[in-house]
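Colleague: Provide a 3D model corresponding to the input given below.
(chains A, B and C)
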Amino acid sequence: MAEPVRVVSKRFGIPDSHTLGVYLEHDGYVALEKALKSMQPADVIEEVKKSALRGRGGAGFPTGMKWSFVPKDSPKPKYIVCNADESEPGTFKDRALMENDPHSLIEGCLIAAYALGSHTCYIYIRGEYGWVQDGMDAAIREAYEKGYCGKNILGTDFSCDVYTHPGAGAYICGEETALLNSLEGKRGHPRIKPPFPAVEGLYGCPTVVNNVETLATVPWIVQHGGDAFRQLGTEKSGGTRLVSVCGHVNKPGVYEIPLGYPMKDLLEKECGGIRNGNKLKAVIPGGSSVPIITAEEAYSVKLDFESIGEVGSMLGSGGVIVMDETADIFESTFRLVHFYKHESCGWCTPCRDGSDWMEQLFDRIAIGGGRQEDLALITSLGKNIEGKSHCALADALVWPITSSMKKFPEDYQRAIERSRKLLHEPAAV
Amino acid sequence: MSTDTTTQTCTITVDGVPVVVPAGALLIEALKMQGIDIPNFCYYHNLPAQASCRMCLVRIEKMPRLQPSCTTVVRDGMAVEINTPEILDMRRGMLEFMLANHPLDCPVCDRGGECELQDNAFKFGRVDARFTEEKHPAPDVDISPFIYNDAQRCVFCYRCIRVCDIWMDVGALAKLNRGAHETIGTFDGWLDCEHCGNCVDVCPTGTLLHTSYKFGPRPWTLDETETTCSYCADGCRVRLGSRGDTVHRSIARDGTGINEEFLCVKGRYGFGYINSGERVTQPLVRKNGELHPATWDDALEHVAKRLGEVSKAKGADAVAVLGSTRITNEGNFAVAEVAKAIGTPNISYEPDYDLSTFMKSVGGRLATKADVLSADVIFVIGGDPKEDQPLTAHHLVQPVFKGKAALYVASSRLVRIRKRASKFVHLRPGGEAALLLGLAGGSLEVAAKAAGCAPSDIESLRSSLEGGRKVVVMVGSDCRGAALEAASSLGTLLAQGDREVTYRPLVFDNNSIGAFDVLGQGVPYASITGSLGDSISALYAVGADLMDGEDAEAVRARLGRLDFLVVQDLFMTDAALLAEVVLPASTYAEQDGTFTNIAGEVQRVHKAIDPVGSTRPDWLIASQIARLLGAEVKYRGSVSAVYRSLTESNPAYANATYVRMMTEGAVQTERPSASPDRSALVSALTSATAATDTTARHNEVPTEMGERLFHLGTIGKYSKLLADAFEDGKAKGRSVEEEAALIPLKSV
Amino acid sequence: MSILSEVVDTVRTLAGGLAHTIARIPQPKTTISYPEDPVPLSARFRGEHFLDTDETGRERCVACFLCSAICPAEAIYIEGADDPRAYPDRVGVDARFASVYRIDYGRCILCGFCVEACPKDAIKHGHDFEMASYTREGLIREKDALLANRDRQRGLHITIRT
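Modeller: Numbers count the residues shown, from 1 in each chain, chains lettered A, B, ... in the order given. Here you go, the predicted structure:
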């Protein structure tokens, strides 16, 4: 395989890559100038459609199609919202992107705004990423000073403002409609869909919500053409994407890979293999919300939306969590269940009460007092939660549980036996 | 299958059975019309969709997930499954989640027996409980003098929050915390609101509860009687729950009246006076300077004898009779019969609003709820329905919230309703006439100077009003004389145009319009009170609060000079203490009759309990006196016969029969049409404008919430719960320390 | 049939009957000289009710009205009330308690539905059935009497049939 093309991470590692000067030296704002001066908004959307770019936030919705849902003739103002509320456990690619290359995000926002006829972009940054927001703010200030933001950008009559907005530390605000509520100053609850944000989003106006990486990819697509991007990946999943690998590998970190890249290569070549030469046990391939896969599946699967779907999981937000043979899948799932219980917004019944119940069950099994029937109860509760909630958070709670119970039943069985012993010999804790 | 959209229906398949439903309806509502109830908690018919309880999920063909029927709009050809094992499993599962943290304290919960969670758990829930983990206990706390909150019982339907935001426009309730630790609460632990209690009535569980009904009788032991509220002129339909001879609660949960489920603080919590221990329960006759209990026969004969004596000795004109804006139409009618039997023209009542001026130019009918809800322009001048007529305020903000109507407010006070107004014109005291002159096309500068606002204000207001197709004008009591007459004929003052203008007088008392209709305005009230003790020697006062004004001492002196005073009232008022005979009357809850509300609609009052003590309804007492005075009284012991006599003598009431009220609820009275004289009105306005004190300063004190809403009238004063809460004009409650000491150890 | 066989038949049946009677004479008597002797009652006998208290002496009844709701004879009248004091000072197990609890034994049919319905095990059947009275008022038991019934009936000479 030839040297992989780097699209969004090409400026990573360059000294002072976050500054405007360095950005301009490396093709900075070239795409914006091309779009503003030589392309019609519809052409930009067409180019993005051609690229087969799919959302990098988790759901993988085709970006070009999302953009084309925005009503062109609406008299209301339109908004571009960048979802930088990267809260998924195991995912940290957007942080690396905003730290190393903030201007590519700004440029992506501006191109999207131009394409959709918007004049305001909001970048909603996770509350815990305070320093990232400072960096973004500095970059936006630079862009304003040099005329890349604000009134009459690059001497054209296109004007656009870019703002950052900090979240308050709620995972649910990564859900696009909850994010919009939070941005409006309301409680971060997911909204009822339809209407979708493209029709009625921020302040009731047409809004496009895109992930950081998605928007940061747009300048490259505009610069090099949608077809060039598409050819980097597979037929249905265009281009390259960032994956953040964490867990029991020798070199965890953020890597850019073309879609369709084998997971085995990612783990062994890029990440330097499993730590201490241990055996791989399981991989969560797309952030904590997606079903877990076994070592055999991980070694055979390719990293694109379709082939990972075949093994019953998803590419999600690109957070690859690697676990070697020392990991206890019951314990790791318990940790996730605790996370989802803590982050459930409380809006709908199955998620609010189901996650609490689920956590209490796991807790009881962990500290002693677990029963064999508890496993059946967990499965049954999972069925009652999955697919019945208001947003996908409850599904994200259930999938890791059901998949790990199916693929690693022995870990659960061991947990139950340990729990029984703990009940009878509490001193052994 | 029908695809014709002009018929406005579509066909959907429910569990394989095709049904025809209105196009564009929500699935849950469409099914309800078919008699199919989908269990739900968060859906409420006049609140925005929530889709949070997930109880109403249904399977819709071609949809990957189950869909909430409360947000799904029906489409032609839609195939819905509502009774499959999948759906029944889902409901069982959902109820199991709701009950997981729900305390098992139905035996002590006031909602037990009328709880939606209980009902649904019985119908759809699991028999066994699989939840063996720990619940999250939360103590119950009082959050207002009227409402207490048992947070653990909540199923998070958010009906209360939405009702507070949308019905009441107050926003005092909110969610606290997150996820499983979420509770419904207030911002500082104490409800800063109108205390309407609507949040309690929409609650599907026992989370928010009435303190007035705390640990009271179970709902199934109550006899519930539909009747009409006795507080303000809006005339809400209330449902009195009584057990034996005690009224335990007043609610409006079935939503049949003009108010649907809405009630205000007085309507809901002000029933305490009915069973107050301070009621006069037997006739009292003064002997040797002291009031002594007497039999009805003795008391009535004494009254008839003394009234006869005075009228014989000093002439019939020496006797005066006062009715009331509080008692039923039948009561007032019978009181008028007493005056007729004596032959005195001196009959009147204490008006709370100058209706005779208002009615001069208003013909036909007054603005009803339907007019308000369908209006595109609403103009409120000189009144504050938010404080005085809560239902009117509730109705008029609904179309404003939906963006269907624009609200314009002009007042000399900074009234609360101005917050929802598209434009608020702040007048100087007495500036209403000048504003109306400006609206009628008078000189803008002159009008603006006298009204105390900018000429552009008047101009934009005029163009807004003239742009309306369906205009409702609400005339408050700040408008007097020429301003009142002009405001009630605003339609003729504005430029000619194709528009329908209806009017509503912002009167205060529950039967103001009825008293005006029945008693008329023969002799002004002031001229009767002014000649008490002089040309008038005997007074028969029914429900009249003679000494509530600033001139109480002067009236006391005048009453002392009377030869004979008989007071018919619920309580020992200041006037009753001076009376020679006190006749104990029944409250509205103990009698049948009718009230006429703010829109001129006649509504039934139904007897909920037997008369307290040996009290009697006003109409019965008055008609007995009239008979003893020798009048030929056709009706004996039948209130419907009294009302029939009323309808025969008053053409406006001819159509409003008891039968129609039984089937239609509120029946509107039709008044003879009037044709106001525009030029006379304008000239009256011009002279009133010229007489306006242009040096008067604007009233810059904003109206506070509850400033008048929490004002206690005679009956409110004797309703202990209201009086305790509002005696200093504000709701107050237990201190934090008191509260902490009371937190019970809850059985979980 | 001859007269002889008729006589034989009569004598035989008479003798059979008498034999039975004579055979019973040495056996224990079933007649009870009530009221001098107590009536042995079954353990599940449904006699006059009593209102129970828990181990701390607090009334179990929380005035939930279920007994009066189920009562087919409408014999139970209850009024609920709030005991705003803290738990240690309360008379009942909960803040909600019955301020009035009244059973009219002129109506009560001792069917036991109330005992079945009670979610707090507050109302139970005793074994006393001697409730006759010369007045209607004498048939009405107020809460205090019902609360005292448990100990009063323990003092009665009641034998439980085993």
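Colleague: all strands of the chain, in order?
Modeller: Here I'm looking at chain A. Applying DSSP state E to chain A gives strands spanning A:79-84, A:120-125, A:161-166, A:207-211, A:240-247, A:253-258, A:261-262, A:280-284, A:293-294, A:302-303, A:319-324.
Colleague: try chain C instead
Modeller: Under DSSP E, chain C gives strands at C:40-41, C:49-51, C:76-82, C:96-104, C:123-125, C:140-141, C:159-160.
Colleague: Kindly compare burial across those and name the winner.
Modeller: strand C:49-51 (a mean of 25; mean count of other C-beta atoms under 10 Å in any protein chain shown). (Each C-beta comes from the backbone N, C-alpha and C, glycine too.)
Colleague: hmm, that strand in reach of chain B?
Modeller: No - if you take C-beta under 8 Å from any C-beta of the partner chain as the test, strand C:49-51 misses chain B, and the best it gets is 14.6 Å.
Colleague: Please compute how far that strand lies from its chain's middle.
Modeller: 10 Å (C-alpha atoms, centre = their mean, to the nearest Å).
Colleague: Adjacent strands (with direction) for it?
Modeller: In the sheet, strand C:49-51 lines up against strand C:123-125 (antiparallel) (DSSP bridges).
Colleague: which residues make contact with the strand it pairs with from outside it?
Modeller: Outside strand C:123-125, the residues that touch it by C-beta atoms under 8 Å, 6 or more residues apart in numbering or on different chains are C:45-52, C:61, C:67, C:110, C:112, C:114-115, C:146, C:150.
Colleague: With stretch B:713-733 instead?
Modeller: Outside stretch B:713-733, the residues that reach it (C-beta under 8 Å, 6+ apart) are B:142-146, B:190-191, B:195, B:211-212, B:230-231, B:265-266, B:269-273, B:276, B:278-279, B:326, B:545, B:548, B:570-571, B:573, B:587, B:706-707, B:710-712.
Colleague: For it, buried residues please.
Modeller: B:713, B:715-719, B:721-723, B:725-726, B:731, B:733 (16 or more other C-beta atoms under 10 Å in any protein chain shown).
Colleague: one step back: is it possible to get TSV of the strands of chain A that adds mean pLDDT, mean neighbour count and distance to chain B?
Modeller: Below are the strands of chain A laid out as TSV (pLDDT from 0 to 100; neighbours: other C-beta atoms under 10 Å in any protein chain shown; distance: least, C-beta to the nearest C-beta, whole Å):
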stretch	mean pLDDT	mean neighbour count	distance to chain B
strand A:79-84	96	28	20
strand A:120-125	96	24	19
strand A:161-166	96	18	18
strand A:207-211	96	27	20
strand A:240-247	93	24	26
strand A:253-258	93	20	30
strand A:261-262	92	20	29
strand A:280-284	95	25	23
strand A:293-294	95	20	23
strand A:302-303	92	22	25
strand A:319-324	95	24	23
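Colleague: Could you export the ones you listed to a markdown table, including columns for distance to chain C?
Modeller: Converted to a markdown table, those look like this (distance: least, C-beta to the nearest C-beta, whole Å):
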| stretch | distance to chain C |
| --- | --- |
| strand A:79-84 | 49 |
| strand A:120-125 | 47 |
| strand A:161-166 | 45 |
| strand A:207-211 | 50 |
| strand A:240-247 | 52 |
| strand A:253-258 | 58 |
| strand A:261-262 | 63 |
| strand A:280-284 | 47 |
| strand A:293-294 | 50 |
| strand A:302-303 | 59 |
| strand A:319-324 | 49 |
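Colleague: For A:Thr91, find the nearest of these.
Modeller: Minimum separation from A:Thr91 across those (C-beta to C-beta) falls at strand A:319-324, 3.3 Å.
Colleague: Give the pairing partners of that closest one; include direction for each.
Modeller: When DSSP bridges is applied, strand A:319-324 pairs with strand A:240-247 (parallel), strand A:280-284 (antiparallel).
Colleague: And the ones you listed: which comes nearest A:Gly253?
Modeller: The closest of these to A:Gly253 is strand A:240-247. By C-beta to C-beta, the value is 6.4 Å.
Colleague: by how many degrees do that closest one and strand A:253-258 diverge?
Modeller: Strand A:240-247 and strand A:253-258 meet at an angle of 150 degrees, taking axes from the mean of the first three to the mean of the last three C-alpha atoms, to 10 degrees as the criterion.
Colleague: what's the longest helix in chain B?
Modeller: helix B:296-314 (DSSP state H).
Colleague: Can I get stretch A:326-335 as PDB, trimmed to CA atoms?
Modeller: Coordinates of each C-alpha in stretch A:326-335 appear next as PDB, following Å, rounded to 0.1, in the frame of the first residue of the first chain:
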ATOM      1  CA  THR A 326      -6.200  -9.200  31.200                       C
ATOM      2  CA  ALA A 327      -9.400  -7.200  30.800                       C
ATOM      3  CA  ASP A 328     -12.600  -8.300  32.500                       C
ATOM      4  CA  ILE A 329     -15.400  -7.500  30.100                       C
ATOM      5  CA  PHE A 330     -18.000  -7.500  32.900                       C
ATOM      6  CA  GLU A 331     -16.000  -4.800  34.700                       C
ATOM      7  CA  SER A 332     -15.400  -2.800  31.600                       C
ATOM      8  CA  THR A 333     -19.100  -2.900  30.800                       C
ATOM      9  CA  PHE A 334     -20.000  -2.000  34.300                       C
ATOM     10  CA  ARG A 335     -17.900   1.100  33.900                       C
END
